[in-house]
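Undergrad: The sequence and its predicted three-dimensional model are supplied below.
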Amino acid sequence: MRGVMICVSLLLAVVSVEIGARIWTNSQYHDALVLIPDIALHHRLIPDITRTTVSAEWNRTVSINKLGMRGELPRSNVRTVLLLGDSFVYGWGVSDDETIPVLLEKRLNEIMPDEEFQVLNGGVPSYSPVLSNLQYKTTLRYLNPDIVIYVFDMSDVSDEVRYREFLIKDRYGDPVRVTNPYAMHQALMSILGRSYIYQQLMRLLTRNGYPHELHNEKNDHWIGMRDNTEALAPNGWASVQENLRLLRDYVREDGAEMLLTVVPRSPQVDPEYLNKNDRDHFGFPAASVCCGEMFNVLGGIASELGIRYINPLNFFLENKSRSLFYYYDGHLTNKGNSLMAEYMSHVLFEEIATSE
């Protein structure tokens, strides 16, 4: 009985501290309960839900349709463009009508009014080419897209290395599924992630070097955009290329066309975006635009695979603004998404015009 009383007292104390911390700091927490573990795709979006995501930088509503995709359901009798990728495609931190797919669809229908376009959002937070490849192979190819665009993010490189631990292949060496042995752990983290105390503790641990490991192919989240990135992450880049090749083959098998693009990150666009402490912690040179090598690496991969490469870096540099990225989170804001959609629409217009 005494043990029960002690446990109850500790629980009440923790709850009191949590409530007090939120009141004292006027804290808003980030509700990210839109993902569930998956036996074949590691994790996926929860279908047919509406959630509110909140942080110090945003308060947005997220709608997932019954197919488990953000945005509208597929329409018939339209030219369909499918975007694949991670949280940048999904639209982390922006409203349903501010994601790259929605803004790209609007732009395409404006510049090519004689044809109706729909741009589907196949983005899932923390996806990388291996998961997007499986996602397309098992489900999204049956939506019959005309054009498939993979939107690369620099975190894809380290994600590929992490997912290799859980990757199961068939006898021909092709990926079959990526298991998730930490389903219960992820469920617990989803609950803890709503705690202000937990958020501050993880921020402190991360700032002091855990779990971020500089130049570690598995745990360096930024390794994909470091100088000499191919030498630092040979396994990650090899996996990126192999899974993009497999995706290309599936897309072409379906009679569609595949393109590759990449989302710039703030240190690649605005030299003052990261303060000195952040730059020192993550290992980036101070007060200078850096880390452009990955754009050339991706261009080489696209050339080898024979697919069109959309490189928006110069367009971002020409139109750079502090309002393109969330300062603390680092994802694109609605203005950053709009800029990305604008550039992609011009390239797609050229691509479609020359193919007809």
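TA: That came in fine, so what should we check first?
Undergrad: going forward, measure contacts and count neighbours with C-alpha atoms only.
TA: Fine.
Undergrad: ok, how many other residues are close to residue 303?
TA: 12 (other Cα atoms under 10 Å).
Undergrad: got a list of what it touches?
TA: residue 309 (Cα atoms under 8 Å, 6 or more residues apart in numbering).
Undergrad: cool, and residue 308?
TA: Applying Cα under 8 Å, 6+ apart, the residues near residue 308 are 258-260, 302.
Undergrad: could I get those residues as TSV with neighbour count?
TA: As requested, the contacts of residue 308 are arranged in TSV below (neighbours: other Cα atoms under 10 Å):
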residue	neighbour count
258	24
259	19
260	22
302	20
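Undergrad: Just the ones in strands from the residues you listed, please.
TA: 258-260 (DSSP state E).
Undergrad: Quickly note the distance from residue 265 to residue 227.
TA: 14 Å (Cα to Cα, to the nearest Å).
Undergrad: which residues touch residue 260?
TA: 149-152, 302, 307-310.
Undergrad: which among these end up buried?
TA: Among the contacts of residue 260, those that count as buried by neighbour count (16 or more other Cα atoms under 10 Å) are 149-152, 302, 307-310.
Undergrad: right, and out of those residues, which lies closest to residue 132?
TA: Nearest to residue 132 among the buried ones among the contacts of residue 260: residue 150, at 8.4 Å, using Cα to Cα.
Undergrad: Looks like that closest one contacts residue 81 (just checking).
TA: No - between residue 150 and residue 81 there is no contact, the gap being 10.8 Å when judged by Cα atoms under 8 Å.
Undergrad: Am I right that residue 43 falls within a helix?
TA: No - the assignment for residue 43 by DSSP: H, G, I helix; E, B strand; the rest coil gives strand, which leaves it out of any helix.
Undergrad: residues in contact with it?
TA: So residue 43 contacts 35-37, 180 (Cα under 8 Å, 6+ apart).
Undergrad: tell me the mean pLDDT for stretch 120-131?
TA: For stretch 120-131, mean pLDDT is 97.
Undergrad: same for the helix or strand that contains residue 162, what does it pack against?
TA: Residue 162 is located in helix 156-164, with elements delineated by DSSP states H and E. Judged by 3 or more Cα pairs under 8 Å, 6 or more residues apart in numbering; DSSP states H and E, helix 156-164 is in contact with helix 129-138, helix 234-253.
Undergrad: out of those helices, deepest packed?
TA: With neighbours defined as mean count of other Cα atoms under 10 Å, those peak in mean count at helix 129-138, which reaches a mean of 22.
Undergrad: can you list contacts of it?
TA: Helix 129-138 is contacted from outside by 41-42, 84-85, 156, 160, 163, 175-178, 239-240, 243-244, 246-247, 250, using Cα under 8 Å, 6+ apart.
Undergrad: a markdown table please, covering the contacts of residue 260 and showing pLDDT, secondary structure and distance to residue 326.
TA: Formatted as a markdown table, the contacts of residue 260 follow (pLDDT from 0 to 100; DSSP: H, G, I helix; E, B strand; the rest coil; distance: Cα to Cα, whole Å):
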| residue | pLDDT | secondary structure | distance to residue 326 |
| --- | --- | --- | --- |
| 149 | 98 | strand | 24 |
| 150 | 98 | strand | 23 |
| 151 | 98 | strand | 19 |
| 152 | 98 | strand | 19 |
| 302 | 98 | helix | 29 |
| 307 | 96 | coil | 31 |
| 308 | 96 | strand | 29 |
| 309 | 97 | strand | 26 |
| 310 | 96 | strand | 23 |
